[in-house]
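Q: have a look at this prediction, sequence included:
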Protein chains: 2
Amino acid sequence: MPVNVAVYGLGPIGSLIAKKVLEREDLNLVAAFDIAPEKVGKDLGEVLQWDKKVGVLVEHDINSETVLKNNNVDIVLHSTSTYLDKIYPQLVRCIKSTADIISTSETLCNPWYRYPEMATLIDELAKKYCVTVLGTGVNPGFIFDTLPATLTACCTKVEKIHAIRSLDASKRRFSFQKKYGLSLSVNEFNELLNRGQITAHVGYAESIDMLATALGIKLDRIVEGQEPLVAERPLKTDYFNISVGQVSGIHGYGIGYLNGKEFIKIELFAEVGREEFEEIRIEGEPPIAWRSCGTAGDIATAAMVINMIPKVLSSKPGLIRMLDIPFPSAFIKLKIG
Amino acid sequence: MPVNVAVYGLGPIGSLIAKKVLEREDLNLVAAFDIAPEKVGKDLGEVLQWDKKVGVLVEHDINSETVLKNNNVDIVLHSTSTYLDKIYPQLVRCIKSTADIISTSETLCNPWYRYPEMATLIDELAKKYCVTVLGTGVNPGFIFDTLPATLTACCTKVEKIHAIRSLDASKRRFSFQKKYGLSLSVNEFNELLNRGQITAHVGYAESIDMLATALGIKLDRIVEGQEPLVAERPLKTDYFNISVGQVSGIHGYGIGYLNGKEFIKIELFAEVGREEFEEIRIEGEPPIAWRSCGTAGDIATAAMVINMIPKVLSSKPGLIRMLDIPFPSAFIKLKIG
């Protein structure tokens, strides 16, 4: 029997999730939510810029609790905002409808790190309504936390974990390039970053804290930061012209210290023209190093959200993290067990 | 409070597991078993060829149930034989002592594939005595199953999975080189392989079946095989001189078919002088490829066994597989929860 799914938020990622859910026979997309006046009230097919209707009207998110209940939604795939305080009321409505939730909200991946009190409230409410809530995505959710943790399974000793993600910002969508500050001056970048008006990547500390938890250790402290990378020659993307000296991308990092030494280091290079790869190195016994040819970000985040559906549906109630579920994987055909 | 551990089997892998357990403060090695007359009755330190005693006498495995009970053993790390029918009586004794079990037995990784009836018996007995039984190792247990499954989590579509492990047989221990048939003639190799007198790698089909289960699919069929690789120039290891035309290693494979097409393909190249690497390629949306610099086999198997201790101690009773536990990782300090 197909699982009834709702998509909550129809931005770039939410729309991609909706499309991928609609392609599957084992998932039944029965509801969709957004707040944008140009989307609410329209058929989801139209909002996705398809030339066919899908028979689901996009509802305003304020009505989500009732709509979710009326459509017997089993699970909400949520993709609206990065910060938990912003999405909190949305989560409450979903929980009260008794639907499970998987969200791309970066801070919800490991909400006890940045929002411990709000995390406790969500956990309590989820248990009361017997639903499961999980935050995930390709990053945070996989490359900087779940995967490095998994790779340590072959080590009898772990002395340091170093994960690098390098990506070509020119290959990403407009909204990605904008939130990474492309073509800004260094001063503008730093000012907007400090004011929270550009975010670049969020979740370095969340990933490090989750990885440390998986390994059963308590870090002394975690630091994180992002700095602009600057064009040394004129660069061009589909959306931005970048002059010499303007921001061509970012270098972001998080470092977790154990006994005063760097124990976990994660680094993101997102710049126009960068080689695409991920690399995870574990110093230990034995030393281990894995390197990829890069993981397409948006589609991988949509995949993580959809692929965790069977895991979340069969998980115990509460607010959980990737480290609480059986190991992640795609599912070709849905089996709940 | 340290966990009480027993090591069952003191061959190359079991001895390595014992050493690594003895290095940890959060694990308390309280019992050890073997059948070899030259080991039984001796101090474990002596058997491990250390110059100090560890205060644990190696017991004959026939006495394991009583010894495990008397020492309040929480978990047995078991490493004796590949085939489940051979280790079945050993597992029964451990289960009856009410200790959990983690075993390197390749066929126990996914025992429902080759020994469905025996697997059911073990599962029932484990549930009766409220213990958990898991088979694991670097391979099967990780490189050809758990890790490829994990990497599919970033894919919305999976069309084919291809995993390759390539290793330099000259860098492995004597018993490894012997079981891979180094320096035999091709005829001798094939005859001994057919008679089961050399095994090379066991577990291709177990890995493929487990990977398919993780993805929620039922394969049409699984084929597996191993063929000798032949020296094109004289080769030498610490233990064997290999002439031109003699066996220099093996190529082994397993293929899982879905709808008549290759869906999962795993390949092992274990040959003198081969480059050491692992590679996992997923054809799908998005395509994904990860490659390692190789994973040292024995120590990684010891690591998998030890690292799964907290997962098994907190798992539900029964005979479980890697796909039933929270995602694998090392643990730096033991936390049971």
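A: Thanks, I have the structure now.
Q: contacts, neighbours, all on C-alpha from now
A: Will do.
Q: return the distance of the residue lying closest to A:Lys333 once chain neighbours are set aside relative to A:Pro310.
A: In space, and not counting its chain neighbours, A:Lys333 is closest to B:Gly216: 5.3 Å by CA to CA, 6 or more residues apart in numbering or on different chains. To A:Pro310, B:Gly216 is 10 Å away according to CA to CA, to the nearest Å.
Q: okay, those two: which has more neighbours?
A: Shown here are B:Gly216 and A:Pro310; by other CA atoms under 10 Å in any protein chain shown, A:Pro310 has more neighbours (21 against 18).
Q: surely the more buried one forms part of a strand?
A: No. Counting by DSSP: H, G, I helix; E, B strand; the rest coil, A:Pro310 is not part of a strand but helix.
Q: quick one, grab the pLDDT at it.
A: On the pLDDT scale, A:Pro310 is placed at 95.
Q: how much space between it and A:Cys94?
A: From A:Pro310 to A:Cys94 the distance is 18 Å (CA to CA).
Q: again with A:Tyr129
A: Distance from A:Tyr129 to A:Cys94, by CA to CA: 10 Å.
Q: neighbour count winner among those two?
A: More neighbours surround A:Cys94 than the other of A:Tyr129 and A:Cys94, with 28 against 16 (other CA under 10 Å).
Q: how about the helix or strand hosting that one as CSV, C-alpha atoms only?
A: Remark: A:Cys94 resides in helix A:84-96, with elements defined by DSSP states H and E. What follows is helix A:84-96 as a C-alpha-only set of coordinates in CSV (Å, rounded to 0.1, in the frame of the first residue of the first chain):
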residue,chain,number,x,y,z
LEU,A,84,14.9,25.7,13.9
ASP,A,85,13.3,28.8,15.6
LYS,A,86,11.8,29.7,12.2
ILE,A,87,10.3,26.3,11.4
TYR,A,88,9.2,25.4,15.0
PRO,A,89,5.5,26.4,14.5
GLN,A,90,5.5,24.4,11.2
LEU,A,91,6.8,21.3,12.9
VAL,A,92,4.3,21.7,15.7
ARG,A,93,1.4,21.7,13.2
CYS,A,94,2.7,18.6,11.5
ILE,A,95,3.3,16.8,14.7
LYS,A,96,-0.2,17.6,15.9
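Q: from the chain's centre, how far out does stretch A:179-197 sit?
A: Relative to its chain's centre, stretch A:179-197 lies at 22 Å (CA atoms, centre = their mean, to the nearest Å).
Q: now A:Tyr83: closest residue in space that isn't a chain neighbour?
A: Per CA to CA, 6+ apart, closest to A:Tyr83 is A:Thr107, 5.7 Å.
Q: the most centrally placed residue in chain A in helix, strand or coil?
A: The residue lying closest to the centre of chain A (CA atoms, centre = their mean) is A:Gly137, at 3.3 Å. Classification of A:Gly137 using three-state DSSP returns coil.
Q: neighbours around A:Glu38, how many?
A: A:Glu38: 9 neighbours (other CA under 10 Å).
Q: again, but for A:Gly297
A: Counted with other CA under 10 Å, residues neighbouring A:Gly297 total 17.
Q: and for A:Thr82?
A: A:Thr82 sits with 18 neighbouring residues when counted by other CA under 10 Å.
Q: hmm, it is touching A:Glu106, no?
A: Yes. Using CA atoms under 8 Å, A:Thr82 is in contact with A:Glu106, at 5.2 Å.
Q: tell me the contacts of A:Val272?
A: A:168-171, A:235, A:237, A:248-249 (CA atoms under 8 Å, 6 or more residues apart in numbering or on different chains).
Q: contact residues of the stretch 101-250 of chain A facing chain B?
A: A:138, A:146-147, A:149-158, A:214-217 (CA under 8 Å from any CA of the partner chain).
Q: switch the cut-off to 6 Å
A: Contacts of the stretch 101-250 of chain A with chain B, taken as CA under 6 Å from any CA of the partner chain, map to A:149-150, A:152-156, A:215-216.
Q: A:Glu25: how many residues sit nearby?
A: What A:Glu25 shows, counting by other CA under 10 Å, is a neighbour count of 13.
Q: just confirm it is within a strand.
A: No. Read with three-state DSSP, A:Glu25 is coil and lies in no strand.
Q: in space, what's closest to it - neighbours in sequence excluded?
A: Sequence neighbours aside, A:Pro2 is the residue nearest to A:Glu25 in space, at 7.2 Å (criterion: CA to CA, 6+ apart).
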